[in-house]
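Peer 1: Structure for this input, please:
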Amino acid sequence: MNSRAPAVRQLAGLGVALAAVALYSGYTHWQLEGLRGIQTGVIDRNRRSSLQLIRIQNNLNELGLAFRDMEQDAAGPYPLTAYQPQFERLRADLEDALATEAALAPASRNPGQQRMLRATCSRFWDETARLWPLAAEGRLNDARALIRTRLDAERAAMAAAVARLLVQNNEAEAAAQAEIGAIYGRVQRNLYLLLAAVLAAIAA
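Peer 2: Prediction:
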C-alpha cells in the first residue's frame, strides 16, 4: 500500500502538469487567433485604406496643380479645353480610389464622413462640367472665376476630409497596436503562471 502511494502522487502530479500545459496551450491558441484577427482585420486593412486615401490626396494635388496652370495659361497658346483629357483621367482614378477605400474603411468610421466625401466629390465634378463649355465659348474670365470661387474650394474641402480620415486611420492603428501589446503581455504572464503550476506539481 505504501509502495503504491508515491506512484499515485507522481501520476497525480503528472496529470496536473499535463492539464496545466493543455489549458495554457488552448488559451494561448485563442489569444494568438485574436491577435491574428486584429492584424488582418484592423491593421492590414487600415493600412490599405490609408494607401487609398494617399492615392486620393495625390489626385487632388494634381487637380490643384492643373487649376494653377489653367489660371496662369488662360491667355496662353493652349486652350483650357486641352486640360479636359487630364481631368477625365484623374476623375476615373479618383472614383476608383474612392470606391476601393470605401470597401476598406475601418468599422469605427462614421458612415456620414464617407457620404460627405462622396457628396463633395459629386459637387466638384458637377461644377467641373460647367467649366468646359465656358472655355469652348472663349469666356476665359468666367472660367477662371469658376476655378477660383467654386472648383478649388470644393477640391480643398475634399482634401481636408481625406486628411481627417487619414488621422482617424492612424489613431485606429495605434489603438490596435496597443491591444496587440496587451495580448503579448497576457501571453507572457500566462507563461510564467504555467511555469509556476508545473513547478508546484513537480514539488507536490
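Peer 1: and the residue positioned nearest the centre of the chain, what does it touch?
Peer 2: Centroid check for the chain by CA atoms, centre = their mean gives residue 46 as the closest residue, at 2.6 Å. Neighbour list for residue 46: 104, 106, 169, 172, 173, 176 [criterion: CB atoms under 8 Å, 6 or more residues apart in numbering]. Where C-beta positions appear, they are placed from N, C-alpha and C, glycine not excepted.
Peer 1: Where neighbours are concerned, which of those residues has the most?
Peer 2: residue 169 (24 neighbours; other CB atoms under 10 Å).
Peer 1: gap between the closest residue to that one other than its chain neighbours and residue 115?
Peer 2: In space, residue 169 comes closest to residue 50 once its chain neighbours are excluded; the distance is 4.7 Å by CB to CB, 6 or more residues apart in numbering. To residue 115, residue 50 is 20 Å away according to CB to CB, to the nearest Å.
Peer 1: neighbour-wise, which of those two wins?
Peer 2: Neighbours per residue (other CB under 10 Å) separate residue 50 from residue 115, with residue 50 holding more: 20 against 11.
Peer 1: and the more buried one, what does it touch?
Peer 2: 166, 169, 170.
Peer 1: quick one: low-confidence parts of this protein?
Peer 2: In the predicted model of the chain, residues 1-6, 13, 16-17, 20-21, 24, 28-41, 73-77, 191, 198-199, 201-204 satisfy pLDDT under 70.
Peer 1: since we're on residue 53, how many residues are nearby?
Peer 2: Residue 53, neighbours per other CB under 10 Å, totals 24.
Peer 1: again, but for residue 71
Peer 2: 15.
Peer 1: count of residues packed around the nearest residue to it once chain neighbours are set aside?
Peer 2: Nearest non-adjacent residue to residue 71, counting by CB to CB, 6+ apart: residue 144, 5.5 Å away. For residue 144, the count of nearby residues is 20 (other CB under 10 Å).
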